[in-house]
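Asker: coordinates for the following, if possible.
(one chain, ligands or ions: 1)
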Amino acid sequence: MARMPVVARGCLARAAVARPTIDFTRRSASDGIGLGTWSGVVGSGWWASRGAHGTPPVSLGATMTAASDELVCVTGATGFIAAQLVRELLGQGYRVRGTVRDVARAQAAFAEAKLPGRERLELVTADLTEPGSFDAAMRGARCVMHTASPYRIVVKDPRKDLVEPALNGTLEVLGAAQRAAVKRVVLTSSVAALTDEPDPTKKLTEADWNTKSSLQRNPYYYSKALAERAAWDFMEREKPGFSLVAINPFMVIGPSLTASLNQSNEVVRDVLTSKGFPGIIDIAWGFVDVRDVALAHVLAMTTPKARGRYICAAQTLHMRDVVKVLKEARLDQRYRVPKRDLSGAFGSALVRLGSWFQLRAVGTYLRTNLGRRPELDNRKIKRDLGLTFRSVERALLDTVNNLERWGHLAGQTAVTQRGLR
Ligand SMILES: NC(=O)c1ccc[n+]([C@@H]2O[C@H](COP(=O)([O-])OP(=O)(O)OC[C@H]3O[C@@H](n4cnc5c(N)ncnc54)[C@H](OP(=O)(O)O)[C@@H]3O)[C@@H](O)[C@H]2O)c1
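Answerer: You can find the predicted model right below:
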């Protein structure tokens, strides 16, 4: 294990800041969630770098005023959601230890992001598939935010590429948290752990569990359902000294702090440019801004009464609503925004037929989501955590700006692709 030199420590003026008493008392697992038994192995080997001191704390508004030089460990720190979470934590004055697979790449990404308070960010290596990998990363941390998990719809080997890192990695992270006497773990789960094919006649709540996905059918969903179940099962079985809170976002969009294009923003890119969409199809997503997801994680850490799972989605939009937002912003003058309406019965029959000629994962996703508008009950997160959601329309447009900023739309304009329409 190698550790890069410590430059300096966080130096927030504790006394100058009103801090709430954060109750991290252990709670039993869930909201009456059914528990199964899972076992797994994972991780080893890490090294670290550390930077210097802090920035003034920021007010969180009604819920609390936070500032702390307490250490929070964020797994998968360069991920789309995790990087915004790191930004939120640093902004609130926390020290952050981020685990990544490639420290040099992560250092470059965070250097470019120029986050205020980045002197309090430390990066260490850890891999979900290496046993023991997270032990050192969690030493001294009061809270762990476990966001790392492969998020891809199309993979070669669903077991190896999705399920094993998600499931074994979660158990590894929880085991390391237990050994490090962490007080709370916030798990980035997903609506995929709630449902495989939404039921438009019923609002999804935190009591729902996805029991349909499998290695063959929506394996990413399967990986998230298995990982979250295993986490609650761990809590029941091990009764560790920490409490667990799960955040279950739906389709997370918004500005990325790094150049890589994650799966959910890729969907916005694809709608904007008609990539893979022959027209407007009968599909809908529950959107949430990545900055809200980041804040939800921090509130889940600091809110004493936070308990169980939290659906984290602002609003469900049909693809035709998404296209409307893009058109109202006149983006159809620059990009090939879908025009043909395939959302009726005939169009859906065509899309369903076409789904059998797609890559298996894409085809399955289409067949299990077509015509099934997900309705979500997000009252619990608003009530318990005091989260207010940003406008989804704004988030969509911010996503487009960000896609342009990182060059993900280069060569995708209507002009370069098809000539002016
Ligand atoms: N985006 C969404 O719409 C959405 C919705 C619901 C839930 N989620 C969940 O949110 C979390 C983050 O998603 P995201 O959208 O931010 O995706 P992302 O940008 O692809 O981030 C995934 C992160 O997981 C890390 N990771 C993957 N395999 C790993 C392994 N074997 N060992 C260590 N780290 C590994 C990646 O590290 P590298 O950088 O090294 O690849 C990356 O940091 C995931 O748990 C995902 O399931 C996302």
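Asker: please make it C-alpha for all contacts and neighbour counts, starting now.
Answerer: Will do.
Asker: show me the shaky parts of this structure.
Answerer: Regions of the chain meeting the criterion pLDDT under 70 cover residues 1-68, 414-421.
Asker: can I take it that N248 is in a strand?
Answerer: Yes - N248 forms part of a strand when assessed by DSSP: H, G, I helix; E, B strand; the rest coil.
Asker: residues in contact with it?
Answerer: Contact partners of N248, counting by Cα atoms under 8 Å, 6 or more residues apart in numbering, are T188, S189, S190, V191, A193, R309, Y310, I311, C312.
Asker: kindly report the residues of the stretch 251-400 of the chain close to the ligand.
Answerer: M251, V252, N262, S264 (Cα under 6 Å from any ligand atom).
Asker: need the max-distance pair from these.
Answerer: Across these, the longest distance by Cα to Cα is 11.2 Å; it joins M251 and N262.
Asker: which of these two has more neighbours?
Answerer: M251 (22 against 17; other Cα atoms under 10 Å).
Asker: now, which of the contacts of N248 sits nearest the ligand?
Answerer: Minimum separation from the ligand among the contacts of N248 (Cα to the nearest ligand atom) is found for S190, which lies at 4.0 Å.
Asker: ok, and the closest non-adjacent residue to R159?
Answerer: The shortest distance from R159 to any non-neighbouring residue, by Cα to Cα, 6 or more residues apart in numbering, is to L215 (6.7 Å).
Asker: got it, and G286?
Answerer: Spatial nearest neighbour of G286, chain neighbours left out: T316 (3.9 Å); criterion: Cα to Cα, 6+ apart.
Asker: tell me the secondary structure for the one you found?
Answerer: Secondary structure, three-state DSSP: T316 is strand.
Asker: wait, it sits on F287?
Answerer: Yes - contact criterion Cα atoms under 8 Å: T316 and F287 qualify, at 6.1 Å.
Asker: settle it for me: which of these two has more neighbours?
Answerer: F287 (24 against 19).
Asker: ok, back up a step: by neighbours, which of the contacts of N248 wins?
Answerer: For the contacts of N248, the largest neighbour count, defined by other Cα under 10 Å, is 33 neighbours, found at C312.
Asker: residues touching that one, list them.
Answerer: Counted by Cα under 8 Å, 6+ apart, C312 has contacts I247, N248, P249, F250, V288, V293, A296, N378, I381.
Asker: bridging residues for it?
Answerer: P249 (DSSP bridges).
Asker: look up how far the ligand lies from the residue nearest to R159.
Answerer: 16 Å (Cα to the nearest ligand atom, to the nearest Å).
Asker: restricted to strands, list the residues of the stretch 251-400 of the chain next to the ligand.
Answerer: If you go by DSSP state E, these have M251, V252 in strands.
Asker: re the thing from before, out of the contacts of N248, which sit inside strands?
Answerer: T188, R309, Y310, I311, C312.
Asker: surely the first one and V144 touch.
Answerer: No - look at T188 against V144 with Cα under 8 Å: they stay out of range, at 10.7 Å.
Asker: and stretch 372-388, end to end?
Answerer: One end of stretch 372-388 to the other measures 26 Å (Cα to Cα, to the nearest Å).
Asker: hmm, who's touching it?
Answerer: Residues outside stretch 372-388 that contact it (Cα under 8 Å, 6+ apart) are 63, 197-200, 202-205, 283-286, 292, 295-296, 299-300, 303, 305-306, 310-316, 318.
Asker: what do you get for stretch 189-198?
Answerer: Taking Cα under 8 Å, 6+ apart as the rule, stretch 189-198 contacts 147, 204, 206, 208-213, 218, 220-222, 224-228, 246-250, 311, 368-369, 372-375.
Asker: what is the neighbour count of D208?
Answerer: 14.
Asker: pull the most distant pair out of the contacts of N248.
Answerer: A193 and C312 (12.4 Å).
Asker: wait, what's in contact with the residue lying closest to S256 once chain neighbours are set aside?
Answerer: What sits nearest to S256 in space, not counting adjacent residues and going by Cα to Cα, 6+ apart, is F80, at 5.8 Å. Counting by Cα under 8 Å, 6+ apart, F80 makes contact with S256, L257, T258, N262, V290.
Asker: where's the second one relative to R229, distance?
Answerer: Same thing as L257. Computed as Cα to Cα, the L257 to R229 distance reads 30 Å.
Asker: cool, the fourth one as well?
Answerer: Noted for N262: a distance of 24 Å to R229, by Cα to Cα.
Asker: what do you get for the last one?
Answerer: For V290, the distance to R229 equals 24 Å [Cα to Cα].
Asker: equivalent analysis for the first one, please.
Answerer: Using Cα to Cα, we find S256 at a distance of 29 Å from R229.
Asker: neighbour count for these two, which is higher?
Answerer: S256 (26 against 21).
Asker: so the more buried one is in contact with N401, correct?
Answerer: No - using Cα under 8 Å, S256 is not in contact with N401, being 10.2 Å away.
Asker: quick one, what contacts A296?
Answerer: Counted by Cα under 8 Å, 6+ apart, A296 has contacts I247, C312, L385, L387.
Asker: meant to ask about S355
Answerer: Contacts of S355 (Cα under 8 Å, 6+ apart): V362, G363, T364, L366, R367.
Asker: same question for P219.
Answerer: I153, P158, L162, V163, S213, A361.
Asker: most widely separated two among those?
Answerer: Maximum distance among the contacts of P219 (Cα to Cα): 14.5 Å, for V163 and A361.
Asker: for this protein, which segments count as helices?
Answerer: Using DSSP state H, the helices of the chain run over 80-91, 103-113, 135-138, 158, 164-179, 219-238, 263-273, 290-302, 319-328, 345-355, 360-369, 379-385, 392-405, 414-418.
Asker: in JSON lines: those helices, plus distance to P338.
Answerer: Below are these laid out as JSON lines (distance: least, Cα to Cα, whole Å):
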{"stretch": "helix 80-91", "distance to P338": "26"}
{"stretch": "helix 103-113", "distance to P338": "33"}
{"stretch": "helix 135-138", "distance to P338": "46"}
{"stretch": "helix 158", "distance to P338": "31"}
{"stretch": "helix 164-179", "distance to P338": "35"}
{"stretch": "helix 219-238", "distance to P338": "27"}
{"stretch": "helix 263-273", "distance to P338": "7"}
{"stretch": "helix 290-302", "distance to P338": "25"}
{"stretch": "helix 319-328", "distance to P338": "7"}
{"stretch": "helix 345-355", "distance to P338": "14"}
{"stretch": "helix 360-369", "distance to P338": "17"}
{"stretch": "helix 379-385", "distance to P338": "33"}
{"stretch": "helix 392-405", "distance to P338": "15"}
{"stretch": "helix 414-418", "distance to P338": "11"}
